[in-house]
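J.: Dropping the sequence and predicted coords here.
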Amino acid sequence: MTNRIEINPKVCGGKPVIAGTRIPVSVLLELLAAGESWEEILSGYPELSSDDMKAALLYAKESIEHTDILPLSATP
């Protein structure tokens, strides 16, 4: 599924995009966070498939799982 995501420094400044497009994963996540449905997103981006949307979510999940998150120290 992650073969649907590509990172190329010449495309969208090297941001992860859906392979073969200039649609960043972050844009799809923002649309979902704003409450748009998969159907609305796919309608607005007819070059995407449901598998592309799933790949974007899987990529985001794996990115979070491989990120070290340090707690903020309390300020006095």
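T.: Thanks, I have the structure now. Numbers count the residues shown, from 1 in each chain.

J.: Check the gap between the spatially most central residue of the chain and Ala19 for me.
T.: The geometric centre of the chain, computed from its C-alpha atoms, lies nearest to Val25 (C-alpha atoms, centre = their mean), at 2.4 Å. Per C-beta to C-beta, to the nearest Å, Val25 is found 11 Å from Ala19. For glycine as for every other residue, the C-beta is placed from the backbone atoms N, C-alpha and C.

J.: same deal with Ala55?
T.: From Ala55 over to Ala19 the distance is 8 Å, taken as C-beta to C-beta.

J.: These two: which has the busier surroundings?
T.: Using other C-beta atoms under 10 Å as the criterion, Ala55 and Ala19 rank with Ala55 on top: 22 against 16.

J.: Tell me the pLDDT of that one.
T.: On pLDDT, Ala55 comes in at 96.

J.: excluding its backbone neighbours, what's nearest it?
T.: Distances taken as C-beta to C-beta, 6 or more residues apart in numbering put Arg4 closest to Ala55, at 3.8 Å, once the chain neighbours are dropped.

J.: contacting residues around that neighbour?
T.: Neighbouring residues of Arg4 by C-beta atoms under 8 Å, 6 or more residues apart in numbering: Ile18, Ala19, Asp51, Asp52, Ala55.

J.: Among those, which pair sits farthest apart?
T.: By the measure C-beta to C-beta, Ala19 and Asp51 form the most distant pair in the contacts of Arg4, at 10.8 Å.

J.: Helix or strand with the lowest mean pLDDT in the protein?
T.: Least confident helix or strand, the chain: helix 50-65 with a mean of 93, by mean pLDDT, DSSP states H and E.

J.: Just give me how far that one sits from the chain centre.
T.: Mean C-alpha position of helix 50-65 versus that of the full chain (C-alpha atoms, centre = their mean, to the nearest Å) differs by 6 Å.

J.: from here on, count from 7
T.: Understood, numbering begins at 7; the last thing we discussed is helix 56-71.

J.: Export only the CA atoms of that helix, formatted as PDB.
T.: Only the C-alpha atoms of helix 56-71 are listed here, as PDB (Å, rounded to 0.1, in the frame of the first residue of the first chain):
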ATOM      1  CA  SER A  56     -10.000   4.600  -2.200                       C
ATOM      2  CA  ASP A  57      -6.700   2.800  -2.000                       C
ATOM      3  CA  ASP A  58      -4.800   6.100  -2.400                       C
ATOM      4  CA  MET A  59      -6.800   7.400   0.600                       C
ATOM      5  CA  LYS A  60      -6.000   4.300   2.600                       C
ATOM      6  CA  ALA A  61      -2.300   4.600   1.700                       C
ATOM      7  CA  ALA A  62      -2.300   8.200   2.900                       C
ATOM      8  CA  LEU A  63      -3.700   7.200   6.300                       C
ATOM      9  CA  LEU A  64      -1.300   4.300   6.600                       C
ATOM     10  CA  TYR A  65       1.600   6.500   5.700                       C
ATOM     11  CA  ALA A  66       0.600   9.000   8.400                       C
ATOM     12  CA  LYS A  67       0.200   6.200  11.000                       C
ATOM     13  CA  GLU A  68       3.600   4.700  10.200                       C
ATOM     14  CA  SER A  69       5.200   8.200  10.300                       C
ATOM     15  CA  ILE A  70       3.800   8.800  13.800                       C
ATOM     16  CA  GLU A  71       4.800   5.300  15.000                       C
END
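
J.: Kind regards, and thank you for your time.
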